[in-house]
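K.L.:
Need a 3D model of the following:
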Amino acid sequence: MTTKLRATNTEKMERDLQQLRADQELILNQVDNAIALFDSSDSLVLFNQKLAGTWGIAPEWLATKPKSYLLFAEIVDRGYWSLQQWEQFQQALEKTVDENLSFYFQQSNGVCLEVCATITHSGGRLFTFRDVTIYHNSQASLNAEVRRLTFLLGLTERLQNSKSLQEIGRFALNYLVEAMNAAFGDVKVISGKGNERQAAAISNQVSTQFLASYGEPVAAGMQELLDKGIPYGTGLLWEVVATGKPLFVEDYAKHPNAVPQFRHPGIGQLGIFPIAATDGTIIGVLTLESRNVKKLQTALHQDVLEAACRTLGAAIERAQAQEDLRQVNQQLEYSSQLKSEFLASMSHELRTPLNSILGFSDLLLRQTAGQLSNRQVQYVELIEKSGQHLLQLINDILDLSKIEAGKTELNLQPVRVHELATDCLKMIQPRADKKRIALSLELDYRITKVLLDERRVRQIVINLLSNAIKFTPEQGKVKLSGRLAYGNEINGDYRPDCSPVNASTPYFCLEVKDSGIGIPEDRWHLLFRPFQQVDSSLTKRHEGTGLGLALTKRLAELHGGTVSFQSSCDRGSRFRVWLPLTEMRQELAISVASSLDSGFSSASAMPLPIGSKRILVVEDQPLNQMLISEVLELEGYGVEMIADGSGMLDRMAVAINAPELLPDLILMDIQLPGVDGFELMRRVKADPVWKSVPMIAVTAMAMPGDRDRCLEAGACDYLSKPLDLNLAIATVRSFLS
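P.N.:
Numbers count the residues shown, from 1 in each chain. Predicted coordinates for the structure are as follows:
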C-alpha cells in the first residue's frame, strides 16, 4: 500500500514538474526579448524560442546545454557579430564587478541589440538580448534632424553677422561634405558676362579620407584650377547655370564634358546644384562628390541642399552689392577729390585778380593819388561793392563744398548768446536801415552761454537775417530770437530732412521771423538745395546764388541739429535753427513749467550767481536792447529780453502755471509793436501772480504828465530816454536791494 502510494505521488510530481516546465516555456516564449540562462558551470540551462530565432540557431543544439563561449562563437561564425565586437564584449564581462552589465551591438544585418548580463544567486549568468533597432534608428534620425536644423540656423546666423563670403562657404561645406560622406565639395561664383564668364571657387572642402588616399598634390592641383576659374563652356556646371536645375552624374571621370583636371579615381558620383540670386539669375554653383548619388536626391537632403543654396545665393548677392557699393564710393571719393582740387585751384585763380580789384578800389577811394570827382567816387564804390559781393559768393561756394566733402571741423567753445546776437544785428543794421525795416531781438534768460562754433553760428544768423531783409518790403519787421526749446516743439514745422528728433532733447532755438513776401508751399522743397532759389526766373528781383539756406542747413547739421520753417504768402516767414544742448542736461536740474502753446516749454532755469536777480526787459529797439542788457549784466543781473507786446503776454501766461519763472523786476518800454506798454502794465497789475513784480517804465515820452500816466498804469518808477546810466543803475538797485 505504501509503495503504491509513493508511486502515485512520484507520478503526480513528475506531471506537475512537466506542467511547470510547459508553463515556464510558454511564459519565456511570450517574452519579446531573447533569454539565455547559464548555471555556475557556464552551461545553458534555460532559453526561449526568441534566442534561437534571433540568429537562426537550432533549438536542438541549444538543448545540449552548450557553454556561453560556444554560443557566442556560433553567433560570430554566422557573421552577425564581428570578432572585434565579441572580444570587446568578453573583456567587458571579465572586468565587470557589478551584478548587471549592458552592451550594445550593431549587427551586420542592421539589427541593433542591447545585451544585458545579470549574475544569478547561484553564480550563473542571465543574458537578455533586446532588439532596439527602431529606437536606435529613431534616435539617429532625431540626431540627424537636430544637426540639419543646427546647420540651417548656423547658416542664417552667419549670413546676418558675417562679412566674409568665404566663412559662410566654409561653414556650409564642412557640414555638407560630412553629411553626404563626400570626398570633396566646393562653392563657385560666376563672374563676367556672356562667353567671358568664369566660375571661380570662393571656398572648397576636401575630406581627410580623400587626402589620405590620393595625397596632397592631387588636392593642390584641384585647388589651383578652382582658384584660377573654370572658363565658360568647360565642365558640366555651365549646363546647370543655363538650366537652373541640379545635375547628378553617376561616373564623372568617364563623362565626356568633365573637366580634364578632375578626371580622377577619387571623384566618382557628383551632384551640381544652382545658386540663384533673388531675381532667379544663377550666380554660383555648389558641387558635392558623393559615394551614393541617390543619397543627394532624397527629399531630406534636397531640403538641406536647397536651403544651403538659398543662403549662399543671398550671401553672394550681398557680397557683390557691397563690392559694387565700394567701387561706387571709390569713384565718388575720387570725384570729390577732383572737385576739391578744382575748387582750390579756382579759388586761387579768382581771388588773385579780385585782390587787385578790391585793393586798388580802396586806394582810389582814399584819393591819395589825386582827387576824384563825385561821379568817379560813385563808380569806384560800385566796383568795390561788386567785388565784395563776388568775394562773398566765392566764400559761400567754398564753405559748402568743404562741408559736403566732410573737411569742415567745428571749433566748439562756450559762446555768450547775447553778444553773438547783438553783434549779428549790428552787422545787418545798415542794410535794414536802407529799407526802413525794424529790427528786434528777444532772448531767453535761461540761456547765457552755449557750446558752439561761434564763427559758424554767426554765419547761420547772418544768412537768415540777410534773407529776411532781402525778402521783406520797406517798413517791414524782422525779429531775431533765441530760446531754450525741446524737440517736441519742432512738430508742425516743415523740415527739409527727416532725421529723427528726440522729443526730450533740449535745443538752443535760433529764430528769424519776418513780415516779408512769404514762400509758396509748392516751392518749399527748393529752399535748402544748393544753387536753387524760389524766384529762379531770368526776371527775378532778388540777387543771390541760392547757397545761403543750403549752407545754413549743413552748418546746423554739423552741430548735430536741424532746421525748420513756416511761411505764408504775403504774411512772412519764420526760420528756425535747432542746435542741441546735450551738455546742458546736467545743468537743467530744476524742473519748471510744463509745455504750453505759448512757445515756452518745460525747462529748468539756468543757475545764476548766488544772490543774482532776474530782470525782464521789454524793449523793441535792438540798440536799446544791447545798451540796457550790457549795463545790467555788468551789474551782475540776469537779463531776459522780450521785443514786443505779444511776447510779453505769452510770457505772462507761462508764469501763471510756473511762479518760479517770475522775474524780480520789469523794465517796460511804452511804445511797443502790437500791445503798448500802458496796456501791458495794466494787465500785469491786474494779474494775481504778476502784480507783486515791480515795474519801471523806460520810455522816450518825456512830456509833462507822462510820468504820472506811467505810474497810474502800474509802474513803480519812471526812467526817460536817453537814459542817465548812473540814475538807471541806482533806480534798479533800489528795487532789488
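
K.L.:
give me the number of residues near I469?
P.N.:
21 (other CB atoms under 10 Å). Just so you know, the C-beta spots here come from the backbone N, C-alpha and C atoms, and that holds for glycine as well.

K.L.:
no wait, V501
P.N.:
The tally of other residues near V501 (other CB under 10 Å) stands at 19.

K.L.:
My guess is it contacts T562. True?
P.N.:
Yes: here V501 reaches T562: they are 6.7 Å apart, a contact under CB atoms under 8 Å.

K.L.:
what is in contact with the two at once?
P.N.:
I490, W578 (CB atoms under 8 Å, 6 or more residues apart in numbering).

K.L.:
mind exporting the host helix or strand of E442 as PDB, just the C-alpha atoms?
P.N.:
Secondary structure assignment for E442, by DSSP states H and E: strand 438-443. Extracted as PDB, the C-alpha positions of strand 438-443 are listed here (Å, rounded to 0.1, in the frame of the first residue of the first chain):
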ATOM      1  CA  ALA A 438      12.500 147.500 -37.800                       C
ATOM      2  CA  LEU A 439      14.900 145.000 -36.200                       C
ATOM      3  CA  SER A 440      14.200 143.500 -32.800                       C
ATOM      4  CA  LEU A 441      15.800 141.000 -30.500                       C
ATOM      5  CA  GLU A 442      14.300 138.600 -27.900                       C
ATOM      6  CA  LEU A 443      16.500 136.300 -25.800                       C
END
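
K.L.:
I'd like to know which elements that strand is packed against.
P.N.:
Contacts defined by 3 or more CB pairs under 8 Å, 6 or more residues apart in numbering; DSSP states H and E place strand 438-443 against helix 417-434, strand 477-486, helix 622-634, strand 638-642.

K.L.:
now what about that strand, what contacts it?
P.N.:
417-418, 421-422, 425, 428-429, 432, 475-483, 620-622, 625-626, 639-644, 647, 673.

K.L.:
Next, the buried residues of the helix or strand following that strand.
P.N.:
Next helix or strand after strand 438-443 toward the C-terminus (DSSP H and E): strand 449-452. Buried residues in strand 449-452, counted by 16 or more other CB atoms under 10 Å: V450, L451, L452.

K.L.:
Including distance to M681, could the helices and strands packed on strand 438-443 go into TSV?
P.N.:
Shown next, in TSV, are those (distance: least, CB to CB, whole Å):
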stretch	distance to M681
helix 417-434	25
strand 477-486	22
helix 622-634	17
strand 638-642	14
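
K.L.:
Quick one, which of those gets closest to G192.
P.N.:
Ranking the helices and strands packed on strand 438-443 by distance to G192, with CB to CB as the measure, places strand 477-486 first at 56.8 Å.

K.L.:
The closest one pairs with which strands?
P.N.:
When pairs are called by DSSP bridges, strand 477-486 turns out to pair with strand 438-443 (parallel), strand 506-514 (antiparallel).

K.L.:
Of all the ones you listed, which one comes closest to G370?
P.N.:
strand 438-443 (39.8 Å).

K.L.:
got the angle for that closest one vs helix 622-634?
P.N.:
Orientation note: strand 438-443 sits at an angle of 30 degrees relative to helix 622-634 (axes from the mean of the first three to the mean of the last three CA atoms, to 10 degrees).

K.L.:
Select the longest helix from the protein.
P.N.:
Taking DSSP state H as the criterion, the chain has its longest helix at helix 299-366.

K.L.:
quick revisit: show me which of the contacts of strand 438-443 are buried.
P.N.:
417-418, 421-422, 425, 428-429, 432, 476-483, 620-622, 625-626, 639-644, 647.
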